[in-house]
Structure formats: structure tokens, C-alpha cells
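Q: Here you go, sequence then predicted model.
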Amino acid sequence: MKRLLKYINNNVLFKVASLNSVAMLVKIISGFLTSKAIALFVGAEGMALIGNLRNFLSSIQAASILGLYTGAVKYVAEFKDNTIELSKTISTVFYLGFVATIAVSFFSYYNAQLLNDYVFSFYNDYAYVIRIMAIALPFYALNMFIFSILNGFSKYKTLIIINIIGQIFGLSITLLLIYKERLDGALISVVISESLLFFFSLVAIANRRSLVPLIKVNRISFKYLKKLSSFSIMAIFSAFLLPLVAIAIRNYITDSVGLKEAGFWEAMNRISKYYLMFVTSLLTLYILPRFSEIDTKSEFRAEVFNFYKSVMPIFAVGLIGIYVFRNTIVLILFSEEFTPVANLFLWQLLGDFVKVLSIVIAYQFLAKKMFWHYMITEAFSVIILYFTSIYFIDIYGVEGANIAHFATYVLYYGVILMLFSSSLFGVISEDEFDDSNNQNVS
């Protein structure tokens with residue numbers, strides 16, 4: 001045990017993970033309390049509708065900011081000491097993001113009834129929630145813009161503090177709305193909670209008032225637009241398409257099995273999201289920047305297998321523990337109404353384990369901007385997920401969606417291993433470097 005503790009203390013991955021641990025813990029506790037409130041005051045049917053709205057909101061948010069802010073972080077960090085280039089970067093991001101956000105907001109507001117019929121089905125009338133979302137959307141976009149600047153200037157402590165304060169404030173608003181207005185309150189809280197962060201981030205950026213004069217229309221640069229476009233398309237593709245597929249699957253469960261069962265599936269997805277936060281934080285904080293730095297196949301291979309050896313065994317043990325105590329977890333997080341969710345754990349846990357195995361390697365697509373590799377594999381996984389879900393739901397009911405989740409990531413992992421076979425398993429000479437265009441990983 002002493003040797004294990006010493007290893008964990010000295011391992012870079014775990015040191016990096018600790019940087020974001022407080023914010024992540026607050027986010028998880030907030031999610032637990034929100035889920036409990038929804039279970040007690042809204043029920044499984046409401047959980048399904050809330051799940052659809054969350055997925056729809058994710059797609060709308062991705063479209064509104066054009067996926068620009070991921071690339072903005074990179075170029076703000078690169079040009080933070082070069083006023084002219086920094087001005088071109090933030091001007092391009094701000095004005096393009098502003099135009100896109102206003103366009104999406106107007107479209108959503110004036111087509112609220114049409115969007116309601118897609119998200120909630122025609123027999124539920126929550127068009128007013130869509131309109132509230134449209135009004136709140138520009139504040140979300142401004143918050144993301146500020147976050148990208150703070151992130152680019154490496155103000156990690158400030159970002160973490162804003163996230164913690166925002167999570168606590170958002171949780172308070174959410175619980176109050178759910179208690180007072182039940183399902184309506186829960187739906188309203190979904191569309192406004194992230195936008196409320198703007199008012200906290202605005203205070204943080206106030207100390208950097210010198211940045212405001214740098215935002216000029218005549219500084220919009222097509223050169224930076226081209227540079228940002230690959231980040232933008234990759235970000236939009238996943239963030240926009242995957243939530244829409246989730247809505248389609250949930251609607252299919254509702255139509256073929258029942259609305260309550262769709263709520264059970266949403267509850268399982270929520271649990272999955274909570275425990276995956278620990279791993280995804282490692283991927284974001286360590287793997288992505290590390291892959292961006294390395295240039296050789298041998299280093300890439302070493303990092304992948306180091307992650308497999310150091311993190312995956314612990315993750316596997318955690319998943320086994322979750323499966324063993326699944327009934328207790330469901331009762332703690334939700335209520336007795338949600339006890340059937342325990343039947344969905346096995347395939348979801350297996351799928352999430354394979355998912356992590358695959359995305360560790362797939363982060364190389366983002367790190368090296370392997371645009372077509374990323375687009376094709378993502379499209380493959382989304383298509384497979386949808387059609388296997390339909391197939392297995394028809395046979396096994398709601399559990400079929402979780403079986404499809406496992407099947408999708410097994411196939412996705414197989415494709416990833418084929419693409420990176422030479423880097424992971426081939427013979428590599430010490431002086432062999434990846435080509436700058438395709439990284440020689442196919």
C-alpha cells in the first residue's frame with residue numbers, strides 16, 4: 001500500500017488531476033442534488049423531457065459559438081504578448097461568435113413552437129422555455145468568450161473559482177425553481193444556469209479592461225478564421241450532432257417502450273456522466289496538451305500505455321464497485337421509482353470502459369488536428385450508435401440502448417486501433433518522427 005501511495009503521489013497524471021479536483025467535486029455534488037430533486041419532485045417522465053432539453057441545448061450552444069472558442073484558447077495563449085495578433089484573434093472570434101449567436105437566438109425564439117414539437121413532442125407545450133433559452137443564449141456565448149480569454153492567459157485559478165461560485169449559485173437557483181415550479185422550474189433552470197455564469201466571469205474580466213479596445217471590426221482576420229475553422233468544424237460536429245442523436249434515441253424509447261423508461265435511460269446517462277468526469281478531466285488536463293507536445297511514435301506509444309497501466313486498472317476497480325453497489329447508488333441519487341435503472345448498469349459500465357480505452361488514443365486527432373480522421377471516425381460512431389440503438393431497443397427494450405452503447409464503442413475502438421496500429425504495435429526506430437501533416441499514425 002505504501003508503494004502504491006508513493007507511486008500515485010509521484011505520478012504526473014494524478015498531480016494534474018488534483019488541480020481541478022475541487023471544482024469537479026462541487027460539480028458532481030451539484031449534479032447529485034439536482035438529480036435527487038428531479039427524482040423526488042418531477043419523476044422519471046420529467047427526467048426524460050429534461051434529458052431531451054439538455055441535449056438540445058448542447059447542440060444549440062455549439063451552433064451559437066461555432067466551436068470557435070476551443071481554437072481561441074490556443075491562439076490567445078500564443079499571441080498574449082503580441083497586441084496586434086491578439087487583437088486580430090479576439091476580434092475575429094468575438095464578432096463571428098456574436099453574429100452566429102444572434103442568428104441562432106432569433107431562429108430559436110421565432111420558431112419556438114416548431115422546436116418544442118421536436119424536443120418535447122407536440123403533446124407537450126414548453127415553447128416558452130425555448131424562448132427563454134433564446135434570450136439567455138447571448139449571455140452563454142459572452143461567458144464562453146471571456147472563458148477562452150482567461151484560459152488563454154492561463155488564469156486557471158480564476159476559472160476554477162468562477163466555476164465553483166457559478167455551480168453553487170446555479171444549484172441554488174435550480175433547486176428553488178424545481179421546488180416551486182416542479183417540471184417547469186427544472187426546464188427553466190436547464191436553459192438559464194450556464195448563462196448565469198456570465199455575471200461572475202464579467203467581474204473576472206473587469207481587471208483586463210485593456211482588452212476591450214482590442215476588439216475591433218476592422219481587425220477581423222480571414223487568416224485566423226481559416227486557422228480556427230478546423231477547430232470549429234471538429235468541435236461543432238461532435239457537440240452538435242451527438243446530442244441530436246441522443247434525442248432521437250430517447251424519443252424512440254418513448255414511442256416504442258414508454259416515457260418513463262426513457263427517463264430511466266436518462267438517469268443511467270447522468271450516473272455515467274458523473275463518474276466519467278474523473279477520467280475526462282485527466283484527458284483534458286494532461287493527455288491533450290501532452291499529445292500536442294510530442295513528435296515521435298515512441299513517445300505517443302509510451303503515453304498511451306502509461307495511461308492504460310496507471311489509470312485504467314483504478315478505473316476498472318471503480319466500475320466494479322459501482323456495479324456491486326448499483327441498487328444503493330440508484331436509491332441515493334434518485335428514488336424507489338428509479339429502481340429499474342439498476343438493470344442498465346452492466347452494459348453501460350462495459351461501454352464506458354471501452355470508450356475510455358478508445359478516446360485516450362483518439363485525442364491524438366485533436367492534438368495534431370487530424371481533421372478527416374476525426375470527422376470520419378466520429379461520423380462512424382454516431383451512425384453506428386443510432387442504428388444499433390434502434391435494433392437492440394426493438395429486441396431488448398430500454399436496455400437495448402445501453403447494449404448499443406457498448407457495441408458502438410467496441411467497433412469504434414477497433415477502428416481506432418487499426419488507424420494507430422503502426423504507432424502502437426509496429427517497429428519504431430529511435431529517430432523516427434511523425435510527419436507533420438498526417439502524423440504517420442495510420
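A: Structure received.
Q: Make sure Thr408 is actually in contact with Leu385.
A: Yes: with contacts counted by CB atoms under 8 Å, Thr408 reaches Leu385, the gap being 4.4 Å. The C-beta positions use only the backbone N, C-alpha and C, and glycine is treated the same way.
Q: Could you verify that Ala342 is part of a helix?
A: Yes: under DSSP: H, G, I helix; E, B strand; the rest coil, Ala342 sits within a helix.
Q: Tell me how many other residues surround Leu196.
A: A total of 17 residues lie near Leu196 under the criterion other CB atoms under 10 Å.
Q: Name the nearest residue to it, ignoring sequence neighbours.
A: Gly170 (6.0 Å; CB to CB, 6 or more residues apart in numbering).
Q: Please apply the same query to Tyr374.
A: That would be Phe365: by CB to CB, 6+ apart, it lies 3.9 Å from Tyr374.
Q: again, but for Phe334
A: Nearest to Phe334 is Ala39, by CB to CB, 6+ apart, at 3.8 Å.
Q: residue contacts, that neighbour?
A: 47, 267, 333-335, 337-338 (CB atoms under 8 Å, 6 or more residues apart in numbering).
Q: any weak-confidence spans in the stretch 201-350 of the chain?
A: In the predicted model, the stretch 201-350 of the chain carries pLDDT under 70 at residues 205-213, 216-219, 224, 230-231, 284-294.
Q: all helices of it, in order?
A: Using DSSP state H, counting those that start in this stretch, the helices of the stretch 201-350 of the chain run over 222-256, 259-282, 288-293, 297-310, 312-324, 326-333, 345-367.
Q: would CSV of those with mean neighbour count be doable?
A: Shown next, in CSV, are the helices of the stretch 201-350 of the chain (neighbours: other CB atoms under 10 Å):
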stretch, mean neighbour count
helix 222-256, 18
helix 259-282, 21
helix 288-293, 15
helix 297-310, 17
helix 312-324, 14
helix 326-333, 17
helix 345-367, 21
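Q: As a markdown table, those with distance to Phe425 would be great.
A: Compiled in a markdown table, the helices of the stretch 201-350 of the chain are given as follows (distance: least, CB to CB, whole Å):
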| stretch | distance to Phe425 |
| --- | --- |
| helix 222-256 | 26 |
| helix 259-282 | 23 |
| helix 288-293 | 18 |
| helix 297-310 | 8 |
| helix 312-324 | 18 |
| helix 326-333 | 36 |
| helix 345-367 | 12 |
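Q: got the contact list for the residue nearest to Ile390 when sequence neighbours are not counted?
A: Setting aside the residues directly before and after it, Ile390 is nearest to Tyr252 in space (CB to CB, 6+ apart), at 6.2 Å. By CB under 8 Å, 6+ apart, Tyr252 lies in contact with 389-390, 393.
Q: can I see the domain layout of the protein?
A: As assigned by automatic domain parsing, the chain contains the domains 1-20+257-442, 42-230.
Q: before we move on, back to that, among the helices of the stretch 201-350 of the chain, which comes closest to Leu115?
A: helix 222-256 (11.2 Å; CB to CB).
Q: Just want the angle from the closest one to helix 259-282.
A: 150 degrees (axes from the mean of the first three to the mean of the last three CA atoms, to 10 degrees).
Q: between helix 222-256 and helix 345-367, how many degrees?
A: Using the same axes, to 10 degrees: helix 222-256 against helix 345-367 is 170 degrees.
Q: before we move on, back to that, quick one: which of the contacts of Tyr252 is most hemmed in?
A: Greatest neighbour count in those, by other CB under 10 Å, goes to Ser389: 26 neighbours.
Q: Count the neighbours of Ile29 for me.
A: 14.
Q: So what does it have for phi and psi?
A: Dihedral pair for Ile29: phi -60, psi -40, per degrees, to the nearest 10.
Q: next one: Asp125
A: phi -110, psi 90.
Q: elements contacting whichever helix or strand Ala404 is part of?
A: Using DSSP states H and E, Ala404 sits in helix 399-419. The contact analysis (3 or more CB pairs under 8 Å, 6 or more residues apart in numbering; DSSP states H and E) places helix 399-419 against helix 259-282, helix 345-367, helix 371-396.
Q: let's see 7 Å
A: helix 345-367, helix 371-396 (3 or more CB pairs under 7 Å, 6 or more residues apart in numbering; DSSP states H and E).
Q: which stretch among these comes nearest Val317?
A: Once the helices and strands packed on helix 399-419 are compared by CB to CB, helix 345-367 is nearest, at 11.1 Å.
Q: ok now the closest one, how far from the chain's centre?
A: 13 Å (CA atoms, centre = their mean, to the nearest Å).
Q: again with stretch 33-50
A: The answer for stretch 33-50 is 21 Å, by CA atoms, centre = their mean.
Q: Ok, stretch 22-32 next?
A: Distance, centroid of stretch 22-32 to centroid of chain: 15 Å (CA atoms, centre = their mean).
Q: again with stretch 110-127
A: 25 Å.
Q: Over that stretch, what's the mean pLDDT, rounded is fine.
A: Per-residue pLDDT values over stretch 110-127 give a mean of 86.
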